[in-house]
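*Asks:* all I have is the shape, not the residue letters:
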């Protein structure tokens with residue numbers, strides 16, 4: 001099985017961060033998705049934000065990486081999440097172009113109160129927003 005590479009964006013507006021919710025499972029994650037063949041992580045992130053919200057995104061600096069493994073449909077999945085700062089012109093209540101997800105601006109103080117994937121990301125986001133120092137985490 002191959003390791004999946006995921007590009008995710010950290011979109012911040014004042015003390016709020018844009019999160020995406022899986023409607024069926026209820027957990028939250030940063031916007032983005034899989035890096036396709038012959039595509040850079042930054043290109044993938046801009047494409048995914050456009051597909052999911054309809055907005056053009058400007059992908060900024062590398063923010064961090066998170067190596068993760070989990071069980072999905074009785075199979076172990078390995079992924080490497082690459083995080084970037086990003087900007088997009090989005091309304092206060094962004095509308096998803098995909099029926100299985102929902103977007104919401106969450107206050108930074110709310111992060112410890114929600115299920116944010118990958119696990120452990122809650123501790124890195126506020127520190128990154130404050131300092132812009134890249135982070136690395138591994139659940140392995």
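*Replies:* Thanks, I have the structure now. None of the values given here were measured: they were computed from a predicted structure.

*Asks:* what about residue 137, neighbour count?
*Replies:* Neighbour count of residue 137, defined by other Cβ atoms under 10 Å: 16. For every residue, glycine as well, the C-beta is placed using N, CA and C.

*Asks:* with residue 115 instead?
*Replies:* If we define neighbours as other Cβ under 10 Å, then residue 115 has 13 of them.

*Asks:* what sits closest to it if chain neighbours are left out?
*Replies:* residue 27 (4.4 Å; Cβ to Cβ, 6 or more residues apart in numbering).

*Asks:* check for me that residue 106 belongs to a helix.
*Replies:* No. Under DSSP: H, G, I helix; E, B strand; the rest coil, residue 106 sits outside any helix and is assigned strand.

*Asks:* the residue nearest to it when sequence neighbours are not counted: neighbour count?
*Replies:* Spatial nearest neighbour of residue 106, chain neighbours left out: residue 19 (5.0 Å); criterion: Cβ to Cβ, 6+ apart. Residues lying near residue 19 (other Cβ under 10 Å) number 21.

*Asks:* over to residue 93?
*Replies:* 8.

*Asks:* now residue 6
*Replies:* By the other Cβ under 10 Å criterion, the neighbourhood of residue 6 contains 22 residues.

*Asks:* bridging residues for the closest residue to it other than its chain neighbours?
*Replies:* Spatially, and ignoring its direct neighbours in sequence, residue 6 is nearest to residue 81 (4.7 Å; Cβ to Cβ, 6+ apart). Judged by DSSP bridges, the bridge partners of residue 81 are residue 6, residue 66.

*Asks:* any idea how far residue 81 is from residue 112?
*Replies:* Distance of residue 81 to residue 112, computed by Cβ to Cβ, to the nearest Å: 19 Å.

*Asks:* these two - which one has more neighbours?
*Replies:* Taking other Cβ under 10 Å, residue 81 and residue 112 do not tie; residue 81 has more neighbours (22 against 10).

*Asks:* next up, the contacts around the more buried one.
*Replies:* Going by Cβ atoms under 8 Å, 6 or more residues apart in numbering, residue 81 touches 6-8, 65-68, 118.

*Asks:* give me the distance between the two termini of stretch 93-101.
*Replies:* Counting by Cα to Cα, to the nearest Å, you get 13 Å between the two ends of stretch 93-101.
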